[in-house]
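S.K.: can't give you the sequence, but here's the structure:
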């Protein structure tokens with residue numbers, strides 16, 4: 001059943017829909033791992049990282065809503081069900097139990113790096129079929145890169 005008719009031709013709609021659904025999975029998963037780390041972080045930088053994790057959650061949830069609504073606007077029902085997220089989520093996640101502040105910083109840097117790499121692939125894939133979706137993905141990438149930078153700066157000094 002198609003409730004909403006898209007202005008995109010079907011092949012373009014499929015490309016955009018795949019990019020949006022994968023992005024939705026990444027964002028919902030990212031918000032969950034950031035909350036898990038938020039609840040379980042320990043260490044001398046607890047407070048600052050605890051608060052910064054809420055920024056990641058806020059960005060991920062806000063963009064998840066925007067991504068899902070873009071999908072719906074294209075006539076593609078977004079799927080944010082827990083079982084869908086659990087089955088499709090591939091970004092790094094936290095271990096069980098308490099997490100040292102240094103582990104949390106590295107986890108978030110790794111998860112954001114992976115999400116950004118995947119977004120850049122989707123940006124390239126949607127360039128011609130749907131520049132509107134591409135624009136949304138570009139905006140999201142910029143925001144996630146900002147969050148990644150802030151967490152990566154907390155890793156300094158490093159040996160590399």
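M.R.: Happy to help now that I have it. Treat the numbers as computed from the prediction; the structure is a model and nothing was measured.

S.K.: next, give phi and psi for residue 99.
M.R.: Main-chain dihedrals, residue 99, degrees, to the nearest 10: phi -130, psi 120.

S.K.: my guess is it contacts residue 40, does it?
M.R.: Yes. The criterion here is Cβ atoms under 8 Å, and residue 99 meets it with residue 40 at 4.9 Å. C-betas here are computed from N, CA, C, even on glycine.

S.K.: okay, the two: which has more neighbours?
M.R.: Ranked by neighbour count (other Cβ atoms under 10 Å), residue 99 and residue 40 place residue 99 first, with 22 against 16.

S.K.: can you give me the strands in this structure?
M.R.: 41-42, 99-100 (DSSP state E).

S.K.: with distance to residue 19 and mean pLDDT added, can I get those strands in CSV?
M.R.: Output for the strands of the chain, formatted as CSV (distance: least, Cβ to Cβ, whole Å; pLDDT from 0 to 100):
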stretch, distance to residue 19, mean pLDDT
strand 41-42, 32, 97
strand 99-100, 31, 97
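
S.K.: okay, those in CSV with distance to residue 140 next?
M.R.: Below are the strands of the chain laid out as CSV (distance: least, Cβ to Cβ, whole Å):
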stretch, distance to residue 140
strand 41-42, 25
strand 99-100, 26
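
S.K.: and of those strands, who's closest to residue 33?
M.R.: Among those, the nearest to residue 33 by Cβ to Cβ is strand 99-100 (10.5 Å).

S.K.: so which elements touch that closest one?
M.R.: strand 41-42 (3 or more Cβ pairs under 8 Å, 6 or more residues apart in numbering; DSSP states H and E).

S.K.: mind listing the strands the strand it packs on pairs with, and their directions?
M.R.: strand 99-100 (parallel) (DSSP bridges).

S.K.: and for the partner strand, what's in contact with it?
M.R.: 37, 40-43, 107 (Cβ atoms under 8 Å, 6 or more residues apart in numbering).

S.K.: among those residues, who's most crowded?
M.R.: Going by other Cβ under 10 Å, residue 37 tops those with 24 neighbours.

S.K.: just the pLDDT for the closest residue in space to that residue that isn't next to it in sequence.
M.R.: Distances taken as Cβ to Cβ, 6 or more residues apart in numbering put residue 104 closest to residue 37, at 4.6 Å, once the chain neighbours are dropped. Looking at residue 104, its pLDDT stands at 97.

S.K.: what does residue 57 give?
M.R.: Residue 57 carries a pLDDT score of 98 in this model.

S.K.: cool, residue 160 as well?
M.R.: 57.
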